[in-house]
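Visitor: Only the shape, not the letters, is given here:
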C-alpha cells in the first residue's frame, strides 16, 4: 500500500514537473531570443508551417521514440513506452502554455533577456521535479540514454552533443526554409547552459520535494 501511494505521488509530481517544463519552454520562446535546444527544431518549423509548436514537438518526440526502438531493439525497456502518453500530454501542455502566455510581448532587449532568464529558471525547476519523480523521462533524455547505453558513452557528454546537433539542424532547416536563421539565437545557448545548472542547484537546495515522495 505504501509503495502504491509513493508511486501515485511520483506520477503526480512528474505531471506537475511536465507542466512547469512546458511553461518554461513557452517563456523562453516568448522571449524571442531563440528557444531551448530540444525545442529548436519544432520551433523553427512552427514559424513557417501551420502545425503548432506543441504539434511539432509531438512529431519530433515520436521520431525519437522510433529511433530508440531501432537502437535498443529487444533491449527497449517496456516502461519506455510510457513516453507515448507523456509526449501527447507534453505537446498539449506546450500549446496550452503558449496560449496562456500569449499576452507576453517583450519590447526592449532587456525585457527579452529578463524573460529568457525567468524561463530558464522555470524550465530548470520543471526538469528538477521530473528528475525527483523518477518515473519516466521525456523522449529527448530517453534517446540520449539509449545512445549512451548502446555505444558506451558518457550520458552528460552525449547530451551536450545531442543538444548541439539539434540546434545545428535547426539552423540548417532555417536556412533551407527561410534563407536566414530563425528560431536559434543567443537564447538557445544561454538556455543550454543555464537550465542544467539551475536543475542541479535546486537539487541541492530544495530537499523537501524529495522528502514529499518518500513520506
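Guide: Perfect, thanks for sending it. Owing to the predicted nature of the structure, the values given are computational and were not obtained by experimental measurement.

Visitor: Lowest-scoring secondary structure element of the protein by mean pLDDT?
Guide: Counting by mean pLDDT, DSSP states H and E, the weakest-scoring helix or strand in the chain turns out to be helix 207-214, with a mean of 58.

Visitor: quick one: contacts for residue 101?
Guide: Residues counted as contacts of residue 101 (Cβ atoms under 8 Å, 6 or more residues apart in numbering) are 23, 26-27, 30. Using the backbone N, CA and C atoms, a C-beta is placed for each residue, glycine as well.

Visitor: same thing but at 6 Å, please
Guide: Taking Cβ atoms under 6 Å, 6 or more residues apart in numbering, we find residue 101 in contact with 26, 30.

Visitor: helices or strands up against the helix or strand harbouring residue 69?
Guide: In this assignment (DSSP states H and E), residue 69 forms part of helix 53-72. Counting contacts by 3 or more Cβ pairs under 6 Å, 6 or more residues apart in numbering; DSSP states H and E, helix 53-72 is packed against helix 37-46, helix 83-100, helix 139-151.

Visitor: Please identify the deepest-packed of those helices.
Guide: helix 37-46 (a mean of 25; mean count of other Cβ atoms under 10 Å).

Visitor: Can you check what angle separates that helix from helix 53-72?
Guide: Angle of helix 37-46 versus helix 53-72, following axes from the mean of the first three to the mean of the last three Cα atoms, to 10 degrees, is 120 degrees.

Visitor: tilt between helix 37-46 and helix 83-100?
Guide: Helix 37-46 and helix 83-100 are oriented at 70 degrees to each other (the same axes, to 10 degrees).

Visitor: helices or strands up against helix 37-46?
Guide: Contact here means 3+ Cβ pairs under 6 Å, 6+ apart; on that basis helix 37-46 packs against helix 53-72, helix 155-178, helix 186-205.

Visitor: buried stuff in the longest helix out of those in the chain?
Guide: Secondary structure of the chain read by DSSP state H shows that its longest helix is helix 2-30. Buried residues in helix 2-30, counted by 16 or more other Cβ atoms under 10 Å: 9-10, 13-15, 17-30.

Visitor: Check stretch 196-206 too.
Guide: Residues of stretch 196-206 classed as buried by neighbour count (16+ other Cβ under 10 Å): 196, 198-199, 202-203.

Visitor: Output these in TSV; the columns should cover pLDDT.
Guide: TSV is the format used below for the buried residues of stretch 196-206 (pLDDT from 0 to 100):
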residue	pLDDT
196	81
198	86
199	82
202	81
203	73
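
Visitor: now these in a markdown table, with distance to residue 185?
Guide: Formatted as a markdown table, the buried residues of stretch 196-206 follow (distance: Cβ to Cβ, whole Å):
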| residue | distance to residue 185 |
| --- | --- |
| 196 | 19 |
| 198 | 20 |
| 199 | 22 |
| 202 | 26 |
| 203 | 28 |
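
Visitor: which one among those residues gets closest to residue 150?
Guide: Using Cβ to Cβ, residue 196 is the member of the buried residues of stretch 196-206 that sits closest to residue 150, with 22.8 Å.

Visitor: which stretches of the protein have low pLDDT?
Guide: In the predicted model of the chain, residues 1-2, 205-215 satisfy pLDDT under 70.

Visitor: Name the residue closest to the centre of it, please.
Guide: Residue closest to the mean C-alpha point of the chain, counted by Cα atoms, centre = their mean, is residue 38 at 5.7 Å.

Visitor: now the helices and strands packed on helix 53-72 in CSV, with distance to residue 107?
Guide: Below are the helices and strands packed on helix 53-72 laid out as CSV (distance: least, Cβ to Cβ, whole Å):
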stretch, distance to residue 107
helix 37-46, 21
helix 83-100, 19
helix 139-151, 32
